[in-house]
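with the input below, show me the fold.
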Amino acid sequence: MDQEVLVTGLSALYSELPRKLDVELEDWHRLTPDDVNDIPKLAMIMNSLVFCNAVVQVAHSKVKTQLMEFLHQGFLVPVMGPALLQVLSSPSHAS
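This is a model prediction of the structure:
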């Protein structure tokens, strides 16, 4: 498995996710399995992350370390980091 292809694929899947969800309940605070199933793009990225987790659970330690490094440096930091900072700094989320 080419880890660069994996993190590029995760980045592509993430970019296709909706940026806003319609929430009907005021006490809504997390996604349920039904929510994931209702949003096909979210199901795809969740399945990819579940696959990565399965690989890490059974892989040789060198493969595990490299995969985790690629996920961290190739997806979490450059993709998720800025996305989280953007959400946290948006005016609608200010206290």
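
what about residue 52, neighbour count?
If you count neighbours by other C-beta atoms under 10 Å, residue 52 ends up with 20. For the C-beta atoms, the positions are set from N, CA and C on the backbone; glycine is no exception.

how close does it get to residue 59?
10 Å (C-beta to C-beta, to the nearest Å).

confirm for me that residue 71 is in contact with residue 9.
No: if you go by C-beta atoms under 8 Å, residue 71 and residue 9 don't touch, sitting 11.5 Å apart.

so for those two, which residue has more residues nearby?
Using other C-beta under 10 Å as the criterion, residue 71 and residue 9 rank with residue 71 on top: 18 against 15.

what sits up against whichever strand or helix holds that one?
Assigned by DSSP states H and E, residue 71 belongs to helix 61-71. For helix 61-71, the surrounding residues in contact (C-beta atoms under 8 Å, 6 or more residues apart in numbering) are 3-4, 6-7, 10, 52, 55-56, 59.

and those residues, which are buried?
When those are checked for burial by 16 or more other C-beta atoms under 10 Å, the buried set is 3, 6-7, 10, 52.

among these, which are in helices?
3, 6-7, 10, 52 (DSSP state H).
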